[in-house]
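**Student:** Just a sequence and a predicted model for now, questions to come.
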Amino acid sequence: MYCIELHFHTAESSHCGRVPAEEGVRQYREAGYSGIVVTDHFSMKERGGPKDRQWNKVCARFLRGYHAAKAAAADMDFSVFLGMEIRFPYDENDFLVYGFTEEFLLEHPWIYMKGLKEFKELADREGLYIVQAHPFRPKCFLADTGCIHGIEVYNGNPRHNSHNDKALRAAEKYKLGRTVGSDFHQPDDIACRRAEFKWMPWTEKELAEMLWKGEFKI
């Protein structure tokens, strides 16, 4: 089985990240993981809006952590995938997104300024997989279940009460996909529950397809 971390932040690209990508890769490899998805924060609060930034520069800064993790894993038997934790302007809900590439980001400027419904339409056209992260934390709420593909039913961040039991019940009630993640920000944030895959995906698209099909176990 291959263990992949689905919720990982870097110091290079998330303001709340406290661990450089290289160190995070080392920790996960030593913990027996086969790969990580770098899901740094992607929002107007984190990146700024059109009046403040140029989109190509926004993307370059966002991708720093991912590139650093890829470089750190280059000589290892360890995979690094690109993901994001996107937030739209009208609330504090967060969504993990899998299956896109760097080119996708550059081709869709200011996607975090849109709404979830519009983003879901784009995701369905492009084959992306949307998971609502920790939907029952304070200030968060369960999104329109027609606009997401799955729910993070276990979030391992020790500094937040994510009410994982409620997340699991919601996924069961609405028949949505289920994922788990450490929500890695600080040293030793690696959680005790893992997503285990029968085989290792080669690309972000393959990973998204495996999540779509439920070809993994918790």
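**Tutor:** Nice, thanks for sending it over. Residues are numbered from 1 along each chain as shown.
**Student:** C-alpha only now, for contacts and for neighbours.
**Tutor:** Fine.
**Student:** gap between residue 111 and residue 46?
**Tutor:** Going from residue 111 to residue 46 by CA to CA, to the nearest Å gives 13 Å.
**Student:** For residue 162, give me the pLDDT.
**Tutor:** In this model, residue 162 is scored at 96, pLDDT.
**Student:** ok, it - contacts?
**Tutor:** Applying CA atoms under 8 Å, 6 or more residues apart in numbering to residue 162 gives the contacts 134-137, 154-155.
**Student:** Looking at residue 111 and residue 46, which is more packed in?
**Tutor:** residue 111 (20 against 17; other CA atoms under 10 Å).
**Student:** Settle this for me: that one is touching residue 120, isn't it.
**Tutor:** No. Using CA atoms under 8 Å, residue 111 is not in contact with residue 120, being 11.0 Å away.
**Student:** Which parts of the protein are strands?
**Tutor:** 2-8, 35-38, 41-42, 79-86, 94-98, 129-133, 150-155, 177-181, 195-197, 216-217 (DSSP state E).
**Student:** Now do the third one: which elements does it pack against?
**Tutor:** Using 3 or more CA pairs under 8 Å, 6 or more residues apart in numbering; DSSP states H and E as the contact definition, the elements that strand 41-42 packs against are strand 79-86.
**Student:** residues in contact with residue 105?
**Tutor:** Contacts of residue 105 by CA under 8 Å, 6+ apart are residue 59.
**Student:** actually residue 36, sorry about that
**Tutor:** Neighbours of residue 36 in contact, by CA under 8 Å, 6+ apart: 4-8, 25, 28, 79-81.
**Student:** And those, which is closest to residue 161?
**Tutor:** Lowest distance from residue 161 to the contacts of residue 36 (CA to CA) belongs to residue 7, with 16.2 Å.
**Student:** which residues does that closest one contact?
**Tutor:** Applying CA under 8 Å, 6+ apart to residue 7 gives the contacts 36-39, 96, 180-184.
**Student:** same question, residue 195
**Tutor:** With the criterion set at CA under 8 Å, 6+ apart, residue 195 makes contact with 3-6, 179-181, 216-218.
**Student:** 6 Å instead, please
**Tutor:** 3-4, 217-218 (CA atoms under 6 Å, 6 or more residues apart in numbering).
**Student:** ok, the closest residue to it other than its chain neighbours to residue 12 distance?
**Tutor:** Closest residue in space to residue 195, ignoring its immediate chain neighbours: residue 218 at 4.9 Å, by CA to CA, 6 or more residues apart in numbering. As defined by CA to CA, residue 218 lies at a distance of 29 Å from residue 12.
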